[in-house]
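1. only geometry, no sequence info:
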């Protein structure tokens, strides 16, 4: 018997917008950490400039991915009750706040833009990002969020918890 998975609200042609946007900030925040490390070892100003740009663009794309995630969270009651989604959403907020502070730190001149606080914030951002994106992986491959509406195929990770039934009227906003 096919299982019906929670649908995502923010999608284009059945593809979740969150899934399309999420890889960009991941790559840019990891790149910012790598350029911060390189700058701390070489003191070559070019690497500090790269870091500032990577953090800023990562923050912008991360905010867009967060908006898509928030639309999915608010748009479907079965999405809201999943623990992985809540952890992913809270982790995304933490990553964006850390990146915002990191962006402001990277506006300082030269050495103080990276060492020690820029590098520290970049490292913490990447660690929180890894946990958050692992929850995004669990969200899709265990809980089936963003998977085709019905499917006979098993998910990648076995979900041993029973399916959650949510009354439609309870979660409506308004």
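-> Nice, I can see it. The model shown is predicted, which means the values in this text are computed figures rather than measured ones.
2. does the residue nearest in space to the middle of the chain count as helix, strand or coil?
-> Closest residue to the average C-alpha location of the chain: residue 92 at 4.9 Å, with CA atoms, centre = their mean. Here residue 92 is recorded as helix under DSSP: H, G, I helix; E, B strand; the rest coil.
3. What sits closest to it if chain neighbours are left out?
-> residue 66 (5.0 Å; CB to CB, 6 or more residues apart in numbering). The way it works is simple: take the backbone N, C-alpha and C, and place the C-beta from them, glycine included.
4. and whichever strand or helix holds that neighbour, how far from the chain's centre?
-> Using DSSP states H and E, residue 66 sits in helix 45-75. How far helix 45-75 lies from its chain's middle: 9 Å, per CA atoms, centre = their mean, to the nearest Å.
5. Contact partners for the residue nearest to residue 92?
-> Neighbouring residues of residue 66 by CB atoms under 8 Å, 6 or more residues apart in numbering: 92-93, 96.
6. ok, back up a step: following element in sequence after the helix holding residue 66, please.
-> Counting by DSSP H and E, the element after helix 45-75 in chain order, helix or strand, is helix 77-80.
7. Quick one: mean pLDDT over that following helix.
-> For helix 77-80, mean pLDDT rounds to 86.
8. That one packs against which elements?
-> With contacts taken as 3 or more CB pairs under 8 Å, 6 or more residues apart in numbering; DSSP states H and E, helix 77-80 sits against helix 45-75.
9. try it again with 10 Å
-> Judged by 3 or more CB pairs under 10 Å, 6 or more residues apart in numbering; DSSP states H and E, helix 77-80 is in contact with helix 45-75, helix 83-105.
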